[in-house]
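*Asks:* Structure for the following, please:
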Amino acid sequence: MRIVFMGTPDFAVPALAALAEGGHTIAAVVTQPDKQKGRGKAVQMTPVKAWAVEHGIPVYQPVKVREPEFVQILRELAPQVIVVAAFGQILTKEILELPPFGCVNIHASLLPKYRGAAPIQWAIICGETETGITTMQMNEGLDTGDMLERAVIPIAPDETGGSLHDKLSQAGGPLILSTLKKLEEGSIRPIPQGESGTCYARMLTKSLGDIDWTIPAEEIERLIRGLNPWPSAYTSWNGRTIKIWSAEVLPEQAADAPAGAVSALGAAPEAEPCPGQIVRADKACLAVCTGKGILQIKELQLEGKKRMDAAAFLRGCPIKAGDVWEHRQSGL
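*Replies:* Residues are numbered from 1 along each chain as shown. Modelled structure (predicted):
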């Protein structure tokens, strides 16, 4: 098929590569404008643009795809289908109806669950055991179009936002090839989503990572994994930010109640610990009290320092049992 591909980040690159390698004609790639990044503010190409340039595919970077001048360019490109993967702009009805086979989106969730900007991370944060990729016939709503095909991906107990991103990114290529083949054959039956099970995966912000120690340890541990590597979960101590990269909920028998958990860890403070309070800090364990249960911190990073395991961190940082990590009230 003759395809215009719309995508921007790393997530979209494997699907673009699969389409090119699968014998389709990529008439053009449409991606977001280049941005300044890093301390030097150097202008960097989007990952999709970099791949397209390397493979000699024409690239367009409209500030707004809905502008009449760009819509005319799309008409002249005459795609049979527009494939969209994490593009970052809303397509108008005029664009959606332009190709004979419409616009097909590669979405990183099992729709109708987790419509929106950050389905990968929210699936982990919310405790899902599986997620996947859905190809969807786009309409004017936000991820509300008819479903075409789905691929299910299990979520591992130690899954991070980064590792799940990579799994789903790789799954997008084979699925879009299958979907386009069936569309061309007329053998696919679109399935309306409906509203049952729908939830919105809102955009990630840095403030989301500010840990609320009053919520259960299990929820905090999922938040830490879901926001790894970006925007990352963090807390505050003596006015300094500490990023938490990895943690583990201590066994239930040690975490039924804060006081019992402290006793099991071999600590014996005079008063029952409060959420955010360090209950053990030595070479064997760094543990903090939460609203329910105890969380053992495995890997963390003090601002301005390198990421390191808890034992190495404590050798250079004077955190001790009884100290309290500051926390906000949860907005989850």
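
*Asks:* Do you have the helices of the protein handy? List them.
*Replies:* Ranges of helices in the chain, per DSSP state H, are 13-21, 47-54, 68-77, 93-96, 119-125, 161-185, 217-226, 252-255, 258-264, 310-316.

*Asks:* Output the contacting helices and strands for the longest one.
*Replies:* Counting contacts by 3 or more Cβ pairs under 8 Å, 6 or more residues apart in numbering; DSSP states H and E, helix 161-185 is packed against helix 13-21, strand 81-85, strand 103-107, helix 119-125, strand 130-137, strand 146-154. C-betas here are computed from N, CA, C, even on glycine.

*Asks:* mean pLDDT for the helices of the chain: which is lowest?
*Replies:* Mean pLDDT per stretch puts helix 258-264 lowest among those, at a mean of 42.

*Asks:* nearest to Ile242, of the helices of the chain?
*Replies:* Across the helices of the chain, Ile242 has its closest neighbour in helix 310-316 (8.7 Å, Cβ to Cβ).

*Asks:* can you list contacts of that closest one?
*Replies:* The list of residues contacting helix 310-316 from outside it, by Cβ atoms under 8 Å, 6 or more residues apart in numbering, reads 281-286, 296-302, 305.

*Asks:* Flag every buried residue along it.
*Replies:* For helix 310-316, the buried set under the neighbour-count rule, 16 or more other Cβ atoms under 10 Å, comprises Ala310, Phe313, Leu314.

*Asks:* Can you list the low-confidence ranges for this protein?
*Replies:* Applying pLDDT under 70 to the chain flags the ranges 252-270, 328-332.

*Asks:* try 90 this time
*Replies:* 35-43, 194-199, 251-272, 283, 326-332 (pLDDT under 90).

*Asks:* What residue spans form the domains of it?
*Replies:* 2-201, 206-316 (automatic domain parsing).

*Asks:* what's the spacing between the shortest one and its chain's center?
*Replies:* From the chain centre to the centre of domain 206-316 is a distance of 22 Å (Cα atoms, centre = their mean, to the nearest Å).

*Asks:* do stretch 3-18 as well
*Replies:* Remark: stretch 3-18 is offset 17 Å from the chain centroid, using Cα atoms, centre = their mean.

*Asks:* Repeat that for stretch 12-31.
*Replies:* Taking mean C-alpha positions (Cα atoms, centre = their mean), stretch 12-31 and its chain are 22 Å apart.

*Asks:* With just CA atoms, put that stretch into PDB.
*Replies:* What follows is stretch 12-31 as a C-alpha-only set of coordinates in PDB (Å, rounded to 0.1, in the frame of the first residue of the first chain):
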ATOM      1  CA  ALA A  12       6.900   4.800  16.600                       C
ATOM      2  CA  VAL A  13      10.200   3.800  14.800                       C
ATOM      3  CA  PRO A  14       9.800   0.000  14.800                       C
ATOM      4  CA  ALA A  15       6.400   0.300  13.200                       C
ATOM      5  CA  LEU A  16       7.700   2.600  10.500                       C
ATOM      6  CA  ALA A  17      10.700   0.200   9.900                       C
ATOM      7  CA  ALA A  18       8.300  -2.800   9.700                       C
ATOM      8  CA  LEU A  19       6.100  -1.100   7.100                       C
ATOM      9  CA  ALA A  20       9.100  -0.200   4.900                       C
ATOM     10  CA  GLU A  21      10.600  -3.700   5.300                       C
ATOM     11  CA  GLY A  22       7.200  -5.300   4.600                       C
ATOM     12  CA  GLY A  23       7.000  -4.100   1.100                       C
ATOM     13  CA  HIS A  24       4.800  -1.000   1.500                       C
ATOM     14  CA  THR A  25       5.600   2.300  -0.100                       C
ATOM     15  CA  ILE A  26       6.300   5.100   2.400                       C
ATOM     16  CA  ALA A  27       5.400   8.200   0.400                       C
ATOM     17  CA  ALA A  28       6.300  10.500   3.300                       C
ATOM     18  CA  VAL A  29       6.800  10.700   7.000                       C
ATOM     19  CA  VAL A  30       5.100  13.500   9.000                       C
ATOM     20  CA  THR A  31       6.600  14.300  12.400                       C
END
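
*Asks:* So for it, what gets flagged as buried?
*Replies:* 12-16, 18-20, 24, 26-31.

*Asks:* Also stretch 279-297?
*Replies:* Across stretch 279-297, burial judged by 16+ other Cβ under 10 Å covers 279-281, 285-297.

*Asks:* again, but for stretch 295-307
*Replies:* Those would be Leu295, Gln296, Ile297, Lys298, Glu299, Leu300, Gln301, Leu302, for stretch 295-307 by 16+ other Cβ under 10 Å.

*Asks:* which of the residues you listed lies closest to Leu98?
*Replies:* Ranked by distance to Leu98 (Cβ to Cβ), the buried residues of stretch 295-307 are led by Gln301 at 47.5 Å.
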